[in-house]
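Visitor: Structure here, sequence nowhere to be found:
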């Protein structure tokens, strides 16, 4: 359990209190639609669940959102909310990788990443496109494991290229540091959501 170092909120499903940043926030839009506020920035009263699709599903089934918002929100739809949550996590990863590009903390392209891995040049994370060739993916995964670098498959070559402002990119590596740590947290959250779906 993480020590309390910020505002505490309670999951409307399991009733556990946690640091607000560890929970998912939901708000009601002006039209009454329930919205995932992943970045905790939207105005208005919020309701919270754990980052656990079971908590979200239970909250929907037991009409906890309607209770929390005193009937001011439309009926919650688990499929819509879980898809919006997954999309929000994906977008956060995209944003963080974009920040890495701007701050010079990423390398891209299979040759550059393979060379950096072989030199042991302080990489913390490698992201491999889902549509990369199996042979190259395996080579990079083996090298990453040998040098204790986290390796995940995510996104398409086209999207990785767009994030980096380049043509298609099959591999992106992130140098060790706080940015890589933040991306790893989001990748773990994404993995949890996709596994639970």
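Guide: Alright, I've got the coordinates. For clarity, every value in this text was computed on a predicted model and none was experimentally measured.

Visitor: Sheet partners, orientation included, of the host helix or strand of residue 126?
Guide: Assigned by DSSP states H and E, residue 126 falls within strand 123-128. Sheet pairing of strand 123-128 (DSSP bridges) gives strand 150-153 (parallel), strand 171-175 (antiparallel).

Visitor: What are the structural domain limits within this structure?
Guide: 8-76, 91-196 (automatic domain parsing).

Visitor: Residue 85: which of these is closest?
Guide: Closest of these to residue 85 is domain 8-76, at 5.1 Å (criterion: Cβ to Cβ). (Glycine included, C-beta is placed from N, CA and C.)

Visitor: what about that closest one, distance to the chain center?
Guide: 18 Å (Cα atoms, centre = their mean, to the nearest Å).

Visitor: pLDDT on it, on average?
Guide: Averaging pLDDT along domain 8-76 gives 94.

Visitor: oh, and call the first residue 851 from now on, that's how I've got it
Guide: Sure, I'll start numbering at 851, so the last one becomes domain 858-926.

Visitor: got the buried residues for the strand holding residue 976?
Guide: Of all the residues in strand 973-978, those buried under the rule 16 or more other Cβ atoms under 10 Å are 973-978.

Visitor: circling back: quick one: closest of the strands paired with strand 973-978 to residue 887.
Guide: Ranking the strands paired with strand 973-978 by their distance to residue 887 (criterion: Cβ to Cβ) puts strand 1000-1003 first, at 25.5 Å.

Visitor: quick one: buried residues of the closest one?
Guide: Within strand 1000-1003, the residues that count as buried by 16+ other Cβ under 10 Å are 1000-1002.

Visitor: right, and the helix or strand after that strand?
Guide: helix 1007-1013.

Visitor: What segments of the protein are strands?
Guide: 858-860, 867-869, 873-878, 884-887, 897-900, 956-958, 973-978, 1000-1003, 1021-1025 (DSSP state E).

Visitor: and the second one, what does it pack onto?
Guide: Looking back up the chat, that one is strand 867-869. strand 858-860 (3 or more Cβ pairs under 8 Å, 6 or more residues apart in numbering; DSSP states H and E).

Visitor: who touches the strand it packs on?
Guide: 866-870, 873, 875, 896, 898 (Cβ atoms under 8 Å, 6 or more residues apart in numbering).

Visitor: One more pass at 10 Å, please.
Guide: Contact partners of strand 858-860, identified using Cβ atoms under 10 Å, 6 or more residues apart in numbering, comprise 866-873, 875, 890, 896-899.
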